[in-house]
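# pasting the structure only:
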């Protein structure tokens with residue numbers, strides 16, 4: 001159970017309930033279920049208070065546009 005709780009502390013009962021809900025919602029595992037919950041909450045929050053989040057989101061977008069993605073070739077392993 002500890003491998004599922006990397007950065008937040010939840011009780012074992014809470015983890016068990018979330019795992020059951022993830023399974024009942026056809027997610028297969030807990031991580032995508034929690035990611036959906038967090039993403040939905042963030043989207044709802046940003047729509048509810050756009051004046052609070054607009055500066056943060058515009059800064060984040062501009063930082064992402066300056067990063068370069070490198071698609072280097074991968075070496076094949078011998079064997």
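Arrived safely, thanks for sending. Because the structure is predicted, anything quoted here is derived from the model rather than measured.

# please count neighbours and contacts with C-alpha atoms only from this point.
Noted.

# biggest helix in this protein by residues?
helix 30-48 (DSSP state H).

# hmm, who's touching it?
Defining contact as C-alpha atoms under 8 Å, 6 or more residues apart in numbering, one finds that helix 30-48 is touched by 4, 18, 19, 22, 23, 27, 52, 53, 54.

# repeat the analysis, applying 6 Å as the threshold.
Outside helix 30-48, the residues within contact range by C-alpha atoms under 6 Å, 6 or more residues apart in numbering are 19, 22, 53.

# look up how far residue 43 lies from the first one.
Residue 19 sits 23 Å away from residue 43, taking C-alpha to C-alpha, to the nearest Å as the criterion.

# and these two? Which one has more around it.
Ranked by neighbour count (other C-alpha atoms under 10 Å), residue 19 and residue 43 place residue 19 first, with 19 against 10.

# need the contact list for that one.
residue 30.

# for residue 38, see how far away it is.
15 Å.

# repeat that for residue 32.
Distance, residue 32 to residue 38, by C-alpha to C-alpha: 10 Å.
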